[in-house]
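**Student:** sharing a sequence plus its predicted fold:
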Amino acid sequence: MTVTSSKRSPFPIPFGWFQIGWQDELKPGEIQPLEYFGKHLVLWRDDKGVASLNSAFCPHLGAHLGFGGAVTGEELVCPFHGWRFTADGKNSLIPYSTRINKKACVESFPVEERNGLIMAWYHPDGEEPMWDIPEVPEFNDPDFTDVITRDYEIEAPWQDLAENGVDSAHFRYVHHTEEVPELVSYDADGPVARMKSIQKFPTPRGIVDGYINADSYGPGFSVVHFGGIVDTVLMGCNTPVDENRCEMRFTFTVRSMGDAELDSTVGEAFVDEIHKQVREDAPIWNNKAYIPRPALADTDGPFTKFRKWAAQFYAEGVETDADLYPPSQQYPYEVIETASRKHGSDPFAD
Ligand code: FES
Ligand SMILES: [Fe+2]
């Protein structure tokens, strides 16, 4: 008998580094209200340029610091009664008192800016960062183009999205690709998982041998190198909004061919293809159940290895008493016209 859970997934919010924005979208003096990790948050940049992430509610009487609050120098000012807080969350001024309230504290989260991204460390018990976010040299290389970005809200936990990477069979059926990536290796070492695959790309001049190498640094930050036709690098970031929903951000750069117009055409075409794939994946992710003990084919990808790697990021442990974790509602499915559908190589057509 199948035991169906009333929950969407057995997973709590994982710990790790997560993208909460792009560096150039937060100017000094700006405050942004955000919702991640099941919390209301404020991201702000002080007048010296340092970005900080704090919980949103003022400990005095609960005003949201992101709606009407202000940045003064290196302090955050509450809109309700003007109390000030430093980046580490301590009360630094009560404008109508000569004293401060030492117990008044807003939670703060470690923030790093790297590769043009603003990253925050989340851990449910407030543990300090356990690994680093690497520099990705291509995002600081004049031989590579300016970045192209995309972002998506997905009604599923990050693990369902990340599992897509080891699921080689779905490319044929969801994305209608003629050639599917072939896994060469999948190795996990602590928080880092590295996957290498090769893929043939059909081109008007014949088949080109390519590769896709994806390195994940915890649940929130992956770097994917695509080679073969043109070198493209993607930073793929999943950030939990809460246990059952996440925001996915993509940042791409392409090796320049020395012609700005050609670069942008090639870059856009590549990004359009990935964008199409996410729109194809999304209705599957949004509507799928999580099955802890799936019925796999012998030729399926390394799901077990992937799930073992992913399990280390849940500080509270994973609940495993049900066989099925279905979504609480249904989401629309949109048919996307693809070249293979048009040209008769649709795997479902015959
Ligand atoms: S609620 Fe923030 S200063 Fe009073
Ligand atoms: Fe996919």
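**Tutor:** Thanks, I have it. Ligands and ions are numbered 1, 2, ... in the order given.

**Student:** with adjacent residues omitted, what lies nearest to Asn244?
**Tutor:** Arg8 (4.1 Å; Cβ to Cβ, 6 or more residues apart in numbering). C-beta: built from backbone N, CA, C; applies to glycine.

**Student:** what about the one you found, distance to Asp272?
**Tutor:** Relative to Asp272, Arg8 is positioned 31 Å away (criterion: Cβ to Cβ, to the nearest Å).

**Student:** just Asp215 next, same as before
**Tutor:** Using Cβ to Cβ, which is the criterion applied here, Asp215 is 24 Å from Asp272.

**Student:** those two: who's more crowded?
**Tutor:** Asp215 (16 against 12; other Cβ atoms under 10 Å).

**Student:** what does the pLDDT read for the residue nearest to Ala70 when sequence neighbours are not counted?
**Tutor:** In this structure, Ala70 finds its nearest non-sequential neighbour in Val77, 4.5 Å apart by Cβ to Cβ, 6+ apart. Reading off the confidence values, Val77 has pLDDT 98.

**Student:** surely Val77 meets Ala63?
**Tutor:** No: no contact is recorded between Val77 and Ala63 when judged using Cβ atoms under 8 Å, the distance being 10.6 Å.

**Student:** contacting residues around the residue nearest to Ala70?
**Tutor:** The contact partners of Val77, by Cβ atoms under 8 Å, 6 or more residues apart in numbering, come to 69-71, 83-84.

**Student:** specify the beta-bridge partners of it.
**Tutor:** Beta-bridge partners recorded for Val77 (DSSP bridges): Ala70, Arg84.

**Student:** so the residue nearest to Asn244 sits against Leu324, correct?
**Tutor:** No: at 10.9 Å, Arg8 does not count as touching Leu324 under the criterion of Cβ under 8 Å.

**Student:** between those two, who's got more neighbours?
**Tutor:** Here Arg8 and Leu324 are compared on neighbour count by other Cβ under 10 Å; more neighbours surround Arg8, at 21 against 12.

**Student:** which SSE is the residue of the stretch 251-350 of the chain found nearest ligand 2 in?
**Tutor:** For the stretch 251-350 of the chain, the residue positioned closest to ligand 2 under Cβ to the ion is Asp281, at a distance of 4.0 Å. With elements delineated by DSSP states H and E, Asp281 resides in helix 260-287, which encompasses its position.

**Student:** show the contacting residues for the residue located most distally from the centre of the chain.
**Tutor:** Computed with Cα atoms, centre = their mean, the residue of the chain farthest from its C-alpha average is Thr98, at 44.5 Å. Contacts for Thr98 were tallied using Cβ under 8 Å, 6+ apart; there are none.

**Student:** so, low pLDDT: which residues of this protein?
**Tutor:** Along the chain, the model assigns pLDDT under 70 to residues 338-350.

**Student:** let's see it at 80
**Tutor:** 178-179, 201-205, 229, 336-350 (pLDDT under 80).

**Student:** ok, which residues in it are in contact with ligand 1?
**Tutor:** Residues of the chain lying close to ligand 1 by Cβ under 6 Å from any ligand atom are 58, 60-63, 78, 80-81, 83.

**Student:** so how do I select the buried members of those in PyMOL?
**Tutor:** What follows is the PyMOL syntax for the buried subset of the residues of the chain next to ligand 1, where burial is set by 16 or more other Cβ atoms under 10 Å:
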select buried, resi 58+60+63+78+83
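
**Student:** what's the neighbour count on Pro332?
**Tutor:** Here the neighbour count serves as a burial measure; for Pro332 (other Cβ under 10 Å) it reads 8.

**Student:** so where do the helices sit in the stretch 251-350 of the chain?
**Tutor:** In chain order, the stretch 251-350 of the chain shows helices spanning 260-287, 303-311, 339-342, with DSSP state H, counting those that start in this stretch as the criterion.

**Student:** closest one to Asp187 among those helices?
**Tutor:** Asp187 lies closest, by Cβ to Cβ, to one member of the helices of the stretch 251-350 of the chain: helix 303-311, at 8.6 Å.
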